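Participant: Could you work out the structure for the sequence below:
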Amino acid sequence: MGEEGVDDPQKLKRIAAAAYDYENDPRWADYWSNILIPPHMGSRSDVVHHFKRKFYQRYIDPGLIVEPMTLSSSSQAARSSAPQSSSSSSSSSTSNNQPRQRNSGPASRTSGTSTTPASSATLLRWNRQTLQFSVNAWVLVVAVLAILPLIPANLSNRAFRLAFAGTACSSLYSLYSLYGKPSAWNLQAVQVWFQSVIVTKDFIYFIYCLTFVTSHLYLKFALIPVLCRALEHVAKFLRRNFSTSSLYRKYLEEACVWIESNTTTLSILSSQAEIGLGFLLIVSLLSLVSELIFLHQVSVTDAAIEAYVSSSCYCWLPSEHVG
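Facilitator: The predicted model follows:
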């Protein structure tokens, strides 16, 4: 009876975790985007449910107990071997040793084979993180070159375009690694996939960068959101993978800690820069429209003056020159 009382709260917690609406929680999208797993594992329902329970334990109910995925198979094997050991307790000692030897063989084989997928998953996660870090570090360097006032205009404009192109590629790669391709190439599947992608921050950054890559405007003010995004990604990667390095601790640790502790400030700075950029584009558009209207009025006035001058000259010609 005591064990049932202990198990009942965890059962209720697991039911509540399974019934939680993860799709309408913006923290779940950020949490899932930071988990880099192979695509064939990301599509498995048991893997998704496991990380949903871990998310629920971290943000909603810390009292929920989540079992590790690597121990699930061994616990199932232990539970299945328990009835066998109880039923064979009346047999001889030699018959008890043989099932143990037979059970130890598959256990050793599974423990040997389980290390290979884990190492390959770690390697794949490292490769993806390294690729994202390389692109964002390159974007950071190029964006700084584009902002510096002492750089020649030709080089600065080229660095301006390359910074937006690198951020667009990084955003596309993040979307592909998180959402993959549509399940089928028909209108309904593409629409469902696009509806899940269009609300993400990476897609907004992709459209933002694509706008400035294809335009002829060189507004250094527009590089602030790109710089903030690159700084966040680079600082996160350095803190996770180079925290034991002496060079990191000596030169980069304080800056990375400050960046990760002030992500909200960087987000507000990016938002304010985007709002100011929007007003600047509206003002430039209105000035362009007013210039077009002014040029149109000037051309109409010139045409009217030319017509008036030609008609007045024709009226004052002598009669012998007419006809």
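Participant: quick one: low-confidence ranges for the stretch 151-300 of the chain?
Facilitator: Where the stretch 151-300 of the chain drops to pLDDT under 70, the residues are 288-291, 294-298, 300.
Participant: just the helices in it please.
Facilitator: For the stretch 151-300 of the chain, the helices defined by DSSP state H, counting those that start in this stretch cover 153-179, 187-197, 201-213, 223-241, 246-247, 253-261, 263-315.
Participant: so of these, which one's packed in deepest?
Facilitator: helix 223-241 (a mean of 20; mean count of other C-beta atoms under 10 Å). (Glycine included, C-beta is placed from N, CA and C.)
Participant: Would you mind pulling up the elements that that helix packs against?
Facilitator: Judged by 3 or more C-beta pairs under 8 Å, 6 or more residues apart in numbering; DSSP states H and E, helix 223-241 is in contact with helix 93-147, helix 153-179, helix 201-213, helix 253-261, helix 263-315.
Participant: Just want the angle from the fourth one to helix 223-241.
Facilitator: The one in question is helix 253-261. 110 degrees (axes from the mean of the first three to the mean of the last three C-alpha atoms, to 10 degrees).
Participant: Now tell me what touches helix 253-261 from outside.
Facilitator: For helix 253-261, the surrounding residues in contact (C-beta atoms under 8 Å, 6 or more residues apart in numbering) are 231-232, 235-236, 238-239, 243, 248, 266.
Participant: do that again at 7 Å, thanks
Facilitator: Outside helix 253-261, the residues that touch it by C-beta atoms under 7 Å, 6 or more residues apart in numbering are 231-232, 235-236, 238-239.
Participant: quick one: which two of those are the most distant?
Facilitator: Farthest apart among the contacts of helix 253-261 by C-beta to C-beta are L231 and R239. That separation is 12.3 Å.
Participant: returning to what we had before: I'd like the contacts of helix 253-261 as CSV, with distance to I15 appended.
Facilitator: CSV is the format used below for the contacts of helix 253-261 (distance: C-beta to C-beta, whole Å):
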residue, distance to I15
L231, 42
E232, 36
A235, 39
K236, 34
L238, 41
R239, 37
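Participant: F206: which of those is nearest?
Facilitator: Distances from F206 to the contacts of helix 253-261, taken by C-beta to C-beta, are shortest for E232, at 16.5 Å.
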